[in-house]
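1. quick one, what's the 3D model for this:
(chains A and B)
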Amino acid sequence: MDNAAIADVFDEMAELLEFRGENPFRIRAYTNGAKAIRELDESVAAILADPSRDLSKTPGIGKTLAEKSAVLVETGSLPQLIQLRAEIPEVTIQMARIPGLGAKKAVKLQQELGLESLGDLRKACQEDQIAKLKGFGAKTQAAILDGLSIAEAAAERIYWSSADDLARHIGEHMATCQAISKMEWAGSYRRGRETVGDLDLLVVADDHAAAMDHLECYAAYAQTIGRGDTKISIRVGKSFQVDMRVVEVDQFGAALQYFTGSQAHNIHTRRLAKEQGLKINEYGVFKIDDDSKVAGATEEDVYASIRLPWIAPELREDRREFELAAKNTLPVLIEVGDVIGDLHMHTNATDGTATIREMADAAIARGLKYIAITDHSKRVSMAMGLDEIRLREQWKQIDEIRPEYEGRLMILKGIECDILEKGGMDLADECLAEADWVLASVHYGQKQPRDQITERILGAIENPHVTCIAHPTGRLINRRPPYDVDMDAVMAAAKKHGKFMELNANPARLDLNDLHLAAAKRAEIPIVISTDAHSIDGLDVMQYGIKQARRGGLTKADVANTRPWPMR
DNA sequence: GCCGTTTTCGGCCCGACTGTTTTCAGTCG
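-> Now for the predicted structure:
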């Protein structure tokens, strides 16, 4: 059982323990343990197998979770989890996902009414049974009915890029509000998470009500979920939630810090404050003994009050940022302008829409110094993938075009060559040997067992003509899981053979993810951020890759295509 | 369940909003 699976078990334990009304700190311990294992540098199995190591020395993992991890590695399952699953009815878990219903209310509803499905719950609402229960009322019943439709609308986290579009629209609308003097987005959107569950807007306004009224006038406004003196939550479109907080200007930094999160980062921040005799909330930093305020206007002040430098939002996940901040060794994160090359794009020779010249001109317009044309190889027949003959024709074309771009743009002869299902590359070695840049990717046989698909990718890495592994896990966010690949082995091989690994910047891929990127950085494997553009506009997704790279803690030096070709 | 240059027990971030309560629990972030 790998780390991700163990972490999932602990997360599920935490979720289920809540329904038992367990001590919240015990529940948090499971969540923390899951996080610790998910972000571990090396596999739990390897640590357990080494008698000189002790898993329970890992922060967040104590004796109990270490033992449970051992059981999971050994047997692949955990008796306590099986017991909990049997104990908590599925419908109770489903009910708790309805906005406004939590574990406690869900348990009570299920037990008192003997519900077996969400359909039963709807029926109970319609028959006015819920309003009669102690602790429930007419409003709760109406909210449940409402929430049921929202849950059925399958509200899932949206891509960061979609959240970015929405934030820009709402931002433009809010900018026309006279009452608002300052405005900033917070939350997971500001942290650049690959998906965003809701948007958090922070504003300074002399008239709170006017600012809230203005938000309720947004074009796609659907409904107000809650509204108080300082906070309003609305739904836009089908089911997406937008929260807005109104604060005073001298609280702005503390509020921004607080609403940016993550929750784990905030808990850590506040614990550090407490240790120094301070209390942090969204209004500022206060001395515990006399309640006097010591900071709050800017985030820099807030962090400075606990003797830390400002921490970039992308790093605020309580991973290593506090350790680095304390040593004043936080990375200077890569910026969009640092990238000068794009080494993954398609043309109309296969499934792209633009010609080589059109892609080249668009690249120049975006400030790039070099690009690689990397169309598909023949195995991708649906995309009319290139065989050796057509590929060499394309390269001949590139030779002919190159002089036109002399001194402006280097056009590299590349290929995105498939790694075949049975192993081996889709094109002959002597052909690949003529390329400037060879991406190797898996498109078929994605569901192969771990050993098999790992072997395929390792084989590609060992091929002397392959320069980079493209979209190394194949995942499509919210749509397709990653290959079951042993990423530790892939990285070790990439390191050994001096190969690059791609961060595919397509907002649906973002592959490698942030944790892989951090691991690659530690292993000193050079990352290449590429757009995988299939059109001129496709080149614009580079910004999403940069966001992801920042979350992985990557600097300009960690990313190869910030350097002039040949990037060494 | 985790953790410890004051502790192996007693803490564990902090507050807004809602609904159903007469003072607060549940939910959310």
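
2. nearest spatial neighbour of A:A220, skipping sequence neighbours?
-> A:V236 (4.4 Å; C-beta to C-beta, 6 or more residues apart in numbering). Glycine gets a C-beta too; all of them are placed from N, C-alpha and C.

3. contact partners for the residue of the stretch 301-450 of chain A found nearest DNA strand B?
-> For the stretch 301-450 of chain A, the residue closest to DNA strand B is A:D318, as judged by C-beta to the nearest atom of the strand, at 10.6 Å. Neighbouring residues of A:D318 by C-beta atoms under 8 Å, 6 or more residues apart in numbering: A:35, A:262, A:264-265, A:267-268.

4. at 6 Å instead, please
-> A:264-265, A:268 (C-beta atoms under 6 Å, 6 or more residues apart in numbering).

5. thinking again about what came up before, ok, the residue nearest to A:A220 - contacts?
-> A:V236 is in contact with A:220-222, A:242, counting by C-beta under 6 Å, 6+ apart.

6. by neighbour count, which of the residues you listed wins?
-> A:V242 (22 neighbours; other C-beta atoms under 10 Å).

7. just the C-alphas of the lowest-mean-pLDDT helix or strand in chain A, formatted as CSV.
-> Between all helices and strands in chain A, the lowest mean by mean pLDDT, DSSP states H and E belongs to helix A:138-152, at a mean of 81. Provided in CSV are the C-alpha atoms of helix A:138-152 (Å, rounded to 0.1, in the frame of the first residue of the first chain):
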residue,chain,number,x,y,z
ALA,A,138,-39.0,25.0,9.5
LYS,A,139,-36.0,26.9,8.2
THR,A,140,-33.6,24.0,8.7
GLN,A,141,-36.0,21.8,6.8
ALA,A,142,-36.2,24.3,3.9
ALA,A,143,-32.4,24.6,3.9
ILE,A,144,-32.1,20.8,3.6
LEU,A,145,-34.5,20.7,0.7
ASP,A,146,-32.5,23.4,-1.0
GLY,A,147,-29.2,21.8,-0.2
LEU,A,148,-30.4,18.5,-1.6
SER,A,149,-30.8,20.0,-5.1
ILE,A,150,-27.3,21.6,-4.7
ALA,A,151,-25.7,18.3,-3.8
GLU,A,152,-27.5,16.7,-6.7
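
8. how about the residues of the stretch 101-250 of chain A that lie near DNA strand B?
-> Within the stretch 101-250 of chain A, the positions lying close to DNA strand B (C-beta under 7 Å from any atom of the strand) are A:101-106, A:131, A:134-141, A:143, A:187, A:197-198, A:200, A:226-231, A:241, A:243.

9. just the closest of the contacts of A:V236 to DNA strand B, please.
-> Nearest to DNA strand B, judged by C-beta to the nearest atom of the strand, of these is A:V242 at 10.6 Å.

10. for that closest one, which non-adjacent residue is spatially closest?
-> Using C-beta to C-beta, 6+ apart, the closest residue to A:V242 is A:L199 (4.7 Å).

11. what number of residues lie near the one you found?
-> When neighbours are defined as other C-beta under 10 Å, A:L199 has 24 of them.

12. quick one: secondary structure of A:I225?
-> strand (DSSP: H, G, I helix; E, B strand; the rest coil).
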